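Novice: Based on what follows, work out the 3D shape:
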Amino acid sequence: MQRYSQTFITTFMALFLSCYSALASDPEFSEQIPNVTVAVGRDATLPCVVDHLGSHKVAWIHVDKQMILTIHHHVITRNPRFRLTHNNPKHWVLHITNVQEEDRGYYMCQINTVPMKSQIGHLDVVVPPDILDEESSPSNVVVKEGYNVTLVCKSSGFPQPKITWRREDNQPVLLGKKSGHQQESVRMYEGEELSIAKVSRMHMGAYLCIASNGVPPSVSKRILLEVEFSPMIWIPNQLVGAPLKKEVTLECYTEAHPRSINYWTRGQGVIIGNDKYETNEIESAYKVQMQLKIRKLHPKDYGAYKCAATNSLGGTEGAIRLYEIHTSTLTPKTTDLKITRKFENVGSDLALVHLSAINNASISNALLEDTEPLSVKDQQNPNVKSIRNTSQFNTGCPKLITKDAVFLIFFILCVIFGS
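Specialist: This is a model prediction of the structure:
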């Protein structure tokens with residue numbers, strides 16, 4: 001009995017000492033608090049894992065603001081976005097919902113030991129880019145040709161966004177000339193300000209400033225650059241010819257901004273579209289192609305016509321002279337030469353050569369048969385063609401007929417005297 005009592009006491013003391021040892025052990029952090037990055041508006045969690053907490057307590061503190069958030073199971077801050085979960089004795093997790101930029105900073109998990117034990121983790125709040133319209137150029141920028149202009153695009157976000165510029169039509173961005181050298185151009189330009197020296201009509205168009213910082217989504221703003229200049233006119237053909245009773249189209253090209261008022265004049269009057277005249281305009285950006293179609297030309301229609309363009313900055317005009325093209329109405333004279341000769345090597349067959357001479361024209365067709373006529377016709381672009389079926393003549397004469405009259409005579413003599 002005494003032996004059992006001694007065994008019980010020994011066992012009890014061992015259990016007591018082990019419990020006391022456990023209670024007497026200092027709390028320790030078993031894991032580091034991670035650094036957390038979260039986009040604004042999302043939720044974030046910061047875990048604190050403690051071993052052997054015992055009767056000690058855990059607190060969360062916002063270091064940057066020197067603000068106590070929680071003590072053990074209690075949430076101290078009045079901000080409803082902060083809460084604490086304690087699913088097991090080791091884990092003390094701080095939850096932040098709808099994270100805001102003001103939540104960025106260092107957070108401390110603290111144990112009230114003597115001396116105090118603590119760990120620190122960092123919460124980084126990233127913000128997608130946004131363009132500040134109040135500090136940027138307006139959506140429409142108007143400048144006169146030859147002046148300098150600067151387009152501005154300011155943005156916010158974290159990290160600080162990078163600004164790039166490009167043209168909406170994917171054309172190069174022209175930055176102007178440097179010290180009289182060739183005009184500098186780039187596909188993309190980086191920077192909050194896009195400066196263009198001595199702006200010209202070639203700079204006109206829509207520009208996109210794009211803000212990006214690696215946090216989606218990137219944003220952009222469209223800025224339309226309008227360059228004002230007085231009208232100018234370019235005429236491809238200042239002399240235009242056309243025959244009577246036909247129709248003709250006169251053309252002028254204008255460049256202007258603001259858009260010009262374009263019209264045609266003759267004498268002191270403005271030409272109005274009707275059955276006689278048809279006006280048309282083909283627009284392309286600041287360029288316009290003016291067309292005037294005149295139907296059924298009469299002698300009185302020939303003369304000077306003017307195309308004019310005017311806008312708020314000025315006006316200009318150009319002249320086109322329409323003249324008559326005369327066409328020949330004479331009936332060409334035809335001379336028939338019939339040459340009959342008996343060829344010994346052909347038997348009794350006769351070769352009939354029919355020659356047609358029209359206004360010193362060139363020969364375009366060849367002899368088709370030994371009894372077919374040889375015709376000479378008037379053509380604009382004469383060609384040399386081969387004579388078909390000439391083997392029966394066997395005269396040693398040339399087998400090609402050219403436009404030169406000398407060769408024509410030579411050919412006839414060969415036919416007559418070649419056998």
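Novice: For Gln183, name its beta-bridge partners.
Specialist: Beta-bridge pairing of Gln183 under DSSP bridges involves Lys177.
Novice: Could you give the number of residues near it?
Specialist: Gln183 is flanked by 15 other residues according to other C-beta atoms under 10 Å. For the C-beta atoms, the positions are set from N, CA and C on the backbone; glycine is no exception.
Novice: quick one: secondary structure of Tyr207?
Specialist: strand (DSSP: H, G, I helix; E, B strand; the rest coil).
Novice: And the contacts of stretch 202-211?
Specialist: For stretch 202-211, contacts defined as C-beta atoms under 8 Å, 6 or more residues apart in numbering pick out 129-131, 136, 149, 151, 153, 155, 157, 161-169, 171, 173-174, 194, 196, 218-227, 257, 285-286.
Novice: Show me which residues of it are buried.
Specialist: 203-205, 207, 209-211 (16 or more other C-beta atoms under 10 Å).
Novice: quick one: it to chain centroid distance?
Specialist: 11 Å (C-alpha atoms, centre = their mean, to the nearest Å).
Novice: For that stretch, list the C-alpha coordinates in PDB.
Specialist: Output of stretch 202-211 as PDB, limited to C-alpha atoms (Å, rounded to 0.1, in the frame of the first residue of the first chain):
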ATOM      1  CA  MET A 202       0.700  67.800 -90.300                       C
ATOM      2  CA  HIS A 203       0.500  67.700 -86.500                       C
ATOM      3  CA  MET A 204      -3.300  68.000 -86.600                       C
ATOM      4  CA  GLY A 205      -5.200  65.000 -85.300                       C
ATOM      5  CA  ALA A 206      -6.100  63.100 -82.100                       C
ATOM      6  CA  TYR A 207      -3.500  62.200 -79.500                       C
ATOM      7  CA  LEU A 208      -3.900  59.600 -76.800                       C
ATOM      8  CA  CYS A 209      -2.200  60.000 -73.400                       C
ATOM      9  CA  ILE A 210      -2.000  56.600 -71.700                       C
ATOM     10  CA  ALA A 211      -1.400  56.200 -68.000                       C
END
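Novice: Show me how the protein divides into domains.
Specialist: For the chain, the TED database gives the domain ranges 28-126, 133-229, 235-324.
Novice: what ranges do the helices span in the stretch 251-400 of the chain?
Specialist: Using DSSP state H, counting those that start in this stretch, the stretch 251-400 of the chain contains no helices.
Novice: Val126 contacts Val38, correct?
Specialist: Yes: under the criterion of C-beta atoms under 8 Å, Val126 makes contact with Val38 at 7.4 Å.
Novice: Need the residues touching each of these two.
Specialist: Common neighbours of Val126 and Val38 (C-beta under 8 Å, 6+ apart) do not exist.
Novice: just to revisit the earlier point, present the domains of the chain as CSV; the columns should include mean pLDDT.
Specialist: Putting those into CSV (pLDDT from 0 to 100) gives the following:
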stretch, mean pLDDT
domain 28-126, 96
domain 133-229, 93
domain 235-324, 96
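Novice: Specify the beta-bridge partners of the closest residue to Gly273 other than its chain neighbours.
Specialist: Spatial nearest neighbour of Gly273, excluding adjacent residues (C-beta to C-beta, 6 or more residues apart in numbering): Thr279 at 4.9 Å. For Thr279, the beta-bridge partners under DSSP bridges are Leu292.
Novice: in the stretch 301-419 of the chain, which ranges drop under the pLDDT threshold?
Specialist: Scanning the stretch 301-419 of the chain with the threshold set as pLDDT under 70 gives 328-419.
Novice: related to what we said a few turns ago, pull the contacting residues for the residue nearest to Gly273.
Specialist: Listed by C-beta under 8 Å, 6+ apart, the contact partners of Thr279 are 263-264, 271, 273, 290-293.
Novice: Which of those lies at the shortest distance from Gln100?
Specialist: Met290 (60.8 Å; C-beta to C-beta).
Novice: what about the closest one, how many neighbours?
Specialist: If we define neighbours as other C-beta under 10 Å, then Met290 has 22 of them.
Novice: need the contact list for it.
Specialist: 251-254, 262, 264, 279-281, 307.
Novice: Could you list which of those belong to strands?
Specialist: Within those, residues falling in strands by DSSP state E are 251-254, 262, 264, 279-281, 307.
Novice: In PyMOL, how would I select the buried members of those?
Specialist: Filtering these down to the buried ones (16+ other C-beta under 10 Å) takes a single PyMOL command:
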select buried, resi 251+252+253+254+262+264+279+307
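Novice: Distance to Gly315 added to the ones in strands among the contacts of Met290, as a markdown table?
Specialist: Below are the ones in strands among the contacts of Met290 laid out as a markdown table (distance: C-beta to C-beta, whole Å):
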| residue | distance to Gly315 |
| --- | --- |
| Glu251 | 19 |
| Cys252 | 13 |
| Tyr253 | 16 |
| Thr254 | 10 |
| Asn262 | 10 |
| Trp264 | 14 |
| Thr279 | 18 |
| Asn280 | 21 |
| Glu281 | 16 |
| Cys307 | 12 |
